[in-house]
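[1] Quick one, fold the following:
(2 chains)
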2 protein chains.
Amino acid sequence: MALLPGPLAELMAALGTLPGVGPRTAERLALHLVQADLQRVRDLAQALVTARERVRGCERCGALTECQPCLFCADAGRDGGVLCVVERPVDVLLVEKAGGFRGRYHVLGGRLSPMDGIGPEDLNIAALEGRVGSESVREVILALPTDVEGDATSHYLAARLAGRGAVVTRLAHGLPAGTSLDFADELTLSRAIEGRHPFRE
Amino acid sequence: MALLPGPLAELMAALGTLPGVGPRTAERLALHLVQADLQRVRDLAQALVTARERVRGCERCGALTECQPCLFCADAGRDGGVLCVVERPVDVLLVEKAGGFRGRYHVLGGRLSPMDGIGPEDLNIAALEGRVGSESVREVILALPTDVEGDATSHYLAARLAGRGAVVTRLAHGLPAGTSLDFADELTLSRAIEGRHPFRE
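    Numbers count the residues shown, from 1 in each chain, chains lettered A, B, ... in the order given. The predicted structure is shown next:
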């Protein structure tokens, strides 16, 4: 005899395919949902489908958007001469939340990872080259992760974009804000020392 | 300017109301879902609504079920003279998975918690008394949590069911399987010593 009512088992299986949701979390969520308010469950189901149907990648920069091009690309007040290159659509939101950046974005859609079979042709690099040529870009800021694959991707992009008239920069490495030296790992601290700069008041 | 496309923000808000899903998990899940295969998202939404609409509590014992009464109550091969009292519908599944129990269940729907304003009248206790009287129950097994509130609920139920002709038992306390004494806390170990029994080979 099957222990679980069929629809409950199916819901657990469906939830278990989400990233970071293991069997126990899926069970907990499913048991909550079958006992939750019916209208709220319907609203959640509707929100899922609506978001999936209406949110897409911007055809120009790859940021998540409802309209084409996205609000960042369409905003004439932003400086189209500066492109910030990020790995994932969500990174656009992180840079925006940090504030202070008023250029445009370009989402790579991943990073080079030979182990996983991800090469340059799998990333949104050709379009980046095209934009650097056609949108009179003065500066390309590489805002990729600072792990091995992110660094490799940054180096590859810097080499590939060289000689196209745009300065290629990357984010500063150093101490995170609001921390003491105790909490910085050795690599972070050595990079912070390498990157030291004149004291400005 | 709103950073997030509207439907994405709404999906995050809806996911964030689930238990154990904080803002960052909701963001991660929502970003995954808007980029996932459309048919899979539709299937998940459908599974949500189907499970919520078709799975209910058994009118007799409170276990989750598609049919009334549930498969446990309807199974003539089970011993109706032994009732296992649990806190939540999911606990029925846990006891079943453990195997070896062939009686029926009764779900309280919570435990006594004066701090949260949960008294005896908020739990499924009157129905339990009724069943003990009408179903010629010989034994009531209290399978409640072993924390303060679970223990208080067990004591309350034992007092209330006294003199109704059924033996009231509770689960054994002691060492968990597959562990060494190192990992048992003091209360568990002292209860295991209290509950020692003759060695059987």
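
[2] contacts, neighbours, all on C-alpha from now
    OK.

[3] and the helix or strand where A:Ala51 lies, which residues are buried?
    Following DSSP states H and E, one finds A:Ala51 within helix A:38-54. Residues of helix A:38-54 classed as buried: A:41-42, A:44-54 (neighbour count, 16 or more other Cα atoms under 10 Å in any protein chain shown).

[4] Could you do stretch A:119-133 as well?
    Across stretch A:119-133, burial judged by 16+ other Cα under 10 Å covers A:Pro120, A:Leu123, A:Asn124, A:Ile125, A:Leu128, A:Arg131, A:Val132.

[5] Now do the phi/psi pair for the fourth one.
    The phi and psi values for A:Ile125, taken as degrees, to the nearest 10, are phi -90, psi -40.

[6] pretty sure it is touching A:His106, no?
    No. Taking contacts as Cα atoms under 8 Å, A:Ile125 lies outside contact range of A:His106: 9.3 Å.

[7] Now do the helix holding A:Ala51: which elements does it pack against?
    Judged by 3 or more Cα pairs under 8 Å, 6 or more residues apart in numbering or on different chains; DSSP states H and E, the packing partners of helix A:38-54 are helix B:6-15, helix B:23-34, helix B:38-54.

[8] quick one, what contacts the residue nearest the centre of chain A?
    When Cα atoms, centre = their mean is applied to chain A, the residue found nearest the centroid is A:Arg88 (2.5 Å). With contact set as Cα atoms under 8 Å, 6 or more residues apart in numbering or on different chains, A:Arg88 has these partners: A:Val107, A:Leu108, A:Gly109, A:Gly110.

[9] Make a markdown table out of those residues and add secondary structure and neighbour count.
    As requested, these are exported to a markdown table (DSSP: H, G, I helix; E, B strand; the rest coil; neighbours: other Cα atoms under 10 Å in any protein chain shown):
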| residue | secondary structure | neighbour count |
| --- | --- | --- |
| A:Val107 | strand | 26 |
| A:Leu108 | coil | 25 |
| A:Gly109 | coil | 15 |
| A:Gly110 | coil | 20 |
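
[10] which pair in those spans the largest distance?
    Using Cα to Cα, those reach their maximum pairwise distance at A:Val107 and A:Gly110, which is 8.3 Å.

[11] what touches both of these two?
    Each of A:Glu87, A:Arg88 lies in contact with both A:Val107 and A:Gly110 under the rule Cα under 8 Å, 6+ apart.

[12] how far away is the residue nearest to A:Val49 when sequence neighbours are not counted from B:Arg54?
    Spatial nearest neighbour of A:Val49, chain neighbours left out: B:Arg42 (6.0 Å); criterion: Cα to Cα, 6 or more residues apart in numbering or on different chains. Plainly put, B:Arg42 is 18 Å away from B:Arg54 if you go by Cα to Cα, to the nearest Å.

[13] How about A:Leu142?
    Separation of A:Leu142 from B:Arg54 (Cα to Cα): 51 Å.

[14] if we can go back for a sec, quick one: the helix holding A:Ala51 to chain centroid distance?
    Relative to its parent chain, helix A:38-54 has a centroid offset of 24 Å by Cα atoms, centre = their mean, to the nearest Å.

[15] contacts for that helix?
    Helix A:38-54 has contacts (Cα under 8 Å, 6+ apart) with A:33, A:66, B:7-8, B:10-11, B:14-15, B:33-36, B:38, B:41-42, B:44-46, B:48-49, B:52-53.

[16] next helix or strand past that helix?
    Per DSSP H and E, helix A:38-54 leads on to strand A:56-57 as the next helix or strand towards the C-terminus.

[17] Give the pairing partners of that following strand; include direction for each.
    Neighbouring strands of strand A:56-57 in its sheet, by DSSP bridges, are strand A:64-65 (antiparallel).
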